[in-house]
Each structure stands twice: as C-alpha cells, then as structure tokens.
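Colleague: I would like the atomic coordinates for the input below:
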Amino acid sequence: MAVAAVRDWQLLVAGPYVLMAAEAGCIGFACTNFVPLMAPPGGRTPVLGTNPLAYGLPAGRGAPIVLDVATTVVARQKVVVAAKRGEPLPEGLVLDRDGGPLTDPRRFLEEGGLLAPLGTPHAAHKGFGLALLVDALGGVLSGGAFAQGVADGAPGSFLWALDVEAFMPRAQFEARVDALVDEVKGGERVDGVDELLVPGERGARRHRELTALGRVPLEPASWGILADECAALSVPLPAVIETE
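Modeller: This is a model prediction of the structure:
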C-alpha cells in the first residue's frame, strides 16, 4: 500500500510511521519534502530541503530496525540547538550563502545559508540525489509543492508499506532479518568500540529507559527552544519536571 499526502497534513517525523508498519509485519518507508536549504553540488541556490526519509524492518528479536535521517549532513534543528548553546559547528555541516564553509550557527540562522548534502565533502551527489527522490515522491507525485515552490506552497509526503507475506511467511522473513542482524553485530570491532549497533537500536533502548523513568529530561537549550516556540504560538508551556 502506498499513499501520497498533501495540503492539510505533513509528515514532520517519519520514524513513528515506519515503526508502526514494521510492527504490523510490513516493510515501511516514509518521506517528506521541506523548505529549500540544500543546493546541488557545485551550486549555491537552495532548491531542496532536508527532505528526510525513514524505513522500518520487522525483526523477530527485539525492536524493529528503524532508520530516520535527513538527506543533509545535519538537520536544521541541530543548528538551532548549537546556536542556543553558543557552540560552533564542525566544518562541513553548513555553508554560507556563497557556498563557503561556515561554523557559526548564529550567522547561518540570521544571514541565511545552505545545509550540506549527505555525503559532503566527497560524495555530495548521494545526499542530493536522495533528496531529489524525496521531492519527486512527496512533492511531484502528491500534487503538492516541490523544489523552491515549497517555500510558498504546501509540501507533501509519501508513505509506503510492503507486506512481507506477499513474498514469504512473516516468521521466515523476521528470522532472516535476525540472521542479517547477527552478522552485522558479530563482526570484528575497532579498538575502543564495545558493540556494533543496527539502525534504531540505540533509540529503542533510550525509549525503554525513558518509559521506565516516566518523563523526558530536556537539556536547557532544548527547553529554551520549546519555550520560544510555545510563546510564538501562544501555547502554555508544560509543567517543568526536570532539565538536564
């Protein structure tokens, strides 16, 4: 099953949707296009957004395998957090308006700039190519806005769920995924690495920890961003329980 959505709804976070698909025994895929912040390799005019995509795979043991990533090296929100902390960014994450290196997150937010495509500096075409696919699925196919049109129009989203039972019994597929995971995690590790992880494993562990804790601690920078957004929307802040 595949759905393209536009207008009144946008897929802001893709991970939970592919997780639901995986928990139902399907291979999930989801993506959405955003306001342009990425230029093509060698260019300096932003034409594509961070255009995140996610996939989810059912697994027999433990949580499903879930990957949720932007097609830029860094998500814009990470730049906002760095600016709130007053910390510089590593070189290669963002560029100034002329396509030159930039490490000051405040300058990026105040003066504008570009987010570097995934794969920068040696393979920027990979991230840009993935972002273009997301724009075609979420924007072009859905009938929504795409490329620079997203700045003034309605972005779109694309969601797809593939029933593994159409290919083999679910239990057989999950057992084969488990075998795949075993090979990944059973490989040799470099010095200083205690464990090899598959996508989503760290997040699943953190989810269990926070569920047991009964609350979500926020660092001061993240709490400040939330406070700013609530103030802009005239929404009351939730009660403060704890900040890290």
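
Colleague: okay, which residue is most central for the protein?
Modeller: Here the mean C-alpha position of the chain is nearest to the C-alpha of V69 (CA atoms, centre = their mean), at a distance of 3.1 Å.

Colleague: Apart from its chain neighbours, what residue comes closest to that residue?
Modeller: P52 (6.3 Å; CB to CB, 6 or more residues apart in numbering). Using the backbone N, CA and C atoms, a C-beta is placed for each residue, glycine as well.

Colleague: what ranges do the helices span in the protein?
Modeller: For the chain, helices defined by DSSP state H occupy the ranges 15-23, 76-85, 105-111, 124-135, 170-185, 201-213, 220-232.

Colleague: Can you check which of those helices gets nearest to R7?
Modeller: helix 124-135 (16.7 Å; CB to CB).

Colleague: Which positions within that closest one qualify as buried?
Modeller: Along helix 124-135, these residues count as buried under the neighbour rule (16 or more other CB atoms under 10 Å): A124, H125, G127, F128, G129, L130, A131, L132, V134, D135.

Colleague: ok, now stretch 144-154?
Modeller: In stretch 144-154, counting by 16+ other CB under 10 Å, buried: G144, A145, F146, A147, G149, V150, A154.

Colleague: from those residues, which two are the most distant?
Modeller: Using CB to CB, the buried residues of stretch 144-154 reach their maximum pairwise distance at A147 and A154, which is 13.4 Å.

Colleague: ok, how many other residues are close to the residue lying closest to P121 once chain neighbours are set aside?
Modeller: The spatially closest residue to P121, leaving aside those adjacent along the chain, is G92, at 5.9 Å (CB to CB, 6+ apart). Under the neighbour criterion other CB atoms under 10 Å, G92 is assigned a count of 14.

Colleague: I'd guessed T32 sits against P52; true?
Modeller: Yes - using CB atoms under 8 Å as the test, T32 is close enough to P52 to be in contact (6.6 Å).

Colleague: okay, those two: which has more neighbours?
Modeller: T32 (29 against 25).

Colleague: now, which of the buried residues of helix 124-135 sits nearest A14?
Modeller: Closest to A14, out of all of the buried residues of helix 124-135 and judged by CB to CB, is V134, at 10.0 Å.

Colleague: So that closest one versus L11, what's the distance?
Modeller: The span separating V134 from L11 equals 10 Å under the rule CB to CB, to the nearest Å.

Colleague: where does the chain dip in pLDDT?
Modeller: Residue ranges of the chain with pLDDT under 70: 8-10, 240-244.

Colleague: Quick check: can you list the domain ranges of it?
Modeller: Dividing the chain into domains by automatic domain parsing, as the record does, gives the ranges 2-73+116-184, 74-113.

Colleague: Give me whichever of those is most buried.
Modeller: With neighbours defined by mean count of other CB atoms under 10 Å, none of the domains of the chain is more surrounded on average than domain 2-73+116-184, at a mean of 19.
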